[in-house]
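> next input, structure requested:
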Amino acid sequence: PEVVRLGKVLNGMMDRLEASFRQATRFSADASHELKTPLAIMQGELEQGLAAADPGSREQQVLAGLLESTSRLKSITRSLLLLARSDAGPLPLVREPVALADEIRPLLEDAQAAGAERGLGVDPDTGSPVTVSGDRELLRLALGNLTDNAVRYAEPGGRLGVRLSVEGGVGVVRVWNTGPGIVPEDRPRVFERFFRGRTARECGEGSGLGLSLVREIIHAHGGSVVLEEGTPGRTVFRVALPLAMPSAG
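Numbers count the residues shown, from 1 in each chain. Down below sits the predicted model:
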């Protein structure tokens, strides 16, 4: 009788935990969805106001700061919505052959522009041609998060780049930068949600969602992403993705 009662208690506890988890997932998805429209309206209004402001004026500076904060909120909201969807089940993918070099090239151009003020150098050589089977928009988002991090945490005057290769029958993307790197105690936790390592906390950068979203997107594609054991002074993230099947005929 005691075992039966214990089983009933445990089953009831698991049911309550599952219901709480579903409720939290629905809340994250609903809240993120409801925030999308007002944030888009705010961004449009701020962009119009910024265009009309006198160059160099205090008004222009304030509007530029607000626009940057709004863009960051939009990015966080989108990340939360995607993570909530991944909690509810596999992310829906629109698969097609994706030539990774074509997606990475504009990301490197953005990285060069973003890092110019800090004297960052960008390696333009993307390596071997690699075509994978995946959702173009989601893959672009994942790779964009990795290159954004490479810019954000590279040392001033350092370098960053992306290298493509085929290894063991899968497409491999390595995103790297030079800099202080990730301290050993933070390395096992870099893909946790809302985790911000020591470097991020010191810089006051990031929301702690970028790498966890990268992991969910890559896993949804049947791939993997890891922080490699690199050489001192260099941080390397390795993404592996299934190659696209050659078309018949």
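
> all contacts plus neighbour counts: C-alpha atoms, from now on.
OK.

> T70 looks like it's in a strand, true?
No - counting by DSSP: H, G, I helix; E, B strand; the rest coil, T70 is located in no strand; its state is helix.

> and the closest residue in space to it that isn't next to it in sequence, how far from R234?
Distances taken as C-alpha to C-alpha, 6 or more residues apart in numbering place Q43 nearest to T70, at 6.3 Å, with adjacent residues excluded. Using C-alpha to C-alpha, to the nearest Å, Q43 is found at 36 Å from R234.

> excluding sequence neighbours, find me the nearest residue to E155.
Spatial nearest neighbour of E155, excluding adjacent residues (C-alpha to C-alpha, 6+ apart): G179 at 4.4 Å.

> ok, that neighbour touching P232?
No - in this structure G179 lies outside contact range of P232 using C-alpha atoms under 8 Å: 9.0 Å.

> comparing the two, which residue is more hemmed in?
Taking other C-alpha atoms under 10 Å, G179 and P232 do not tie; G179 has more neighbours (19 against 10).

> tell me the contacts of that one?
For G179, the contact set (C-alpha atoms under 8 Å, 6 or more residues apart in numbering) comprises 153-155, 158, 233-235.

> ditto for G208
192-196.

> I'd like these as JSON lines, with neighbour count and pLDDT appended.
Formatted as JSON lines, the contacts of G208 follow (neighbours: other C-alpha atoms under 10 Å; pLDDT from 0 to 100):
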{"residue": "E192", "neighbour count": "15", "pLDDT": "86"}
{"residue": "R193", "neighbour count": "16", "pLDDT": "80"}
{"residue": "F194", "neighbour count": "14", "pLDDT": "74"}
{"residue": "F195", "neighbour count": "19", "pLDDT": "79"}
{"residue": "R196", "neighbour count": "20", "pLDDT": "74"}
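
> D87: which of the residues you listed is nearest?
Of all the contacts of G208, D87 sits closest to R193, with 12.3 Å by C-alpha to C-alpha.

> from what I can see the closest one touches L209, true?
Yes - in this structure R193 lies within contact range of L209 using C-alpha under 8 Å: 5.4 Å.
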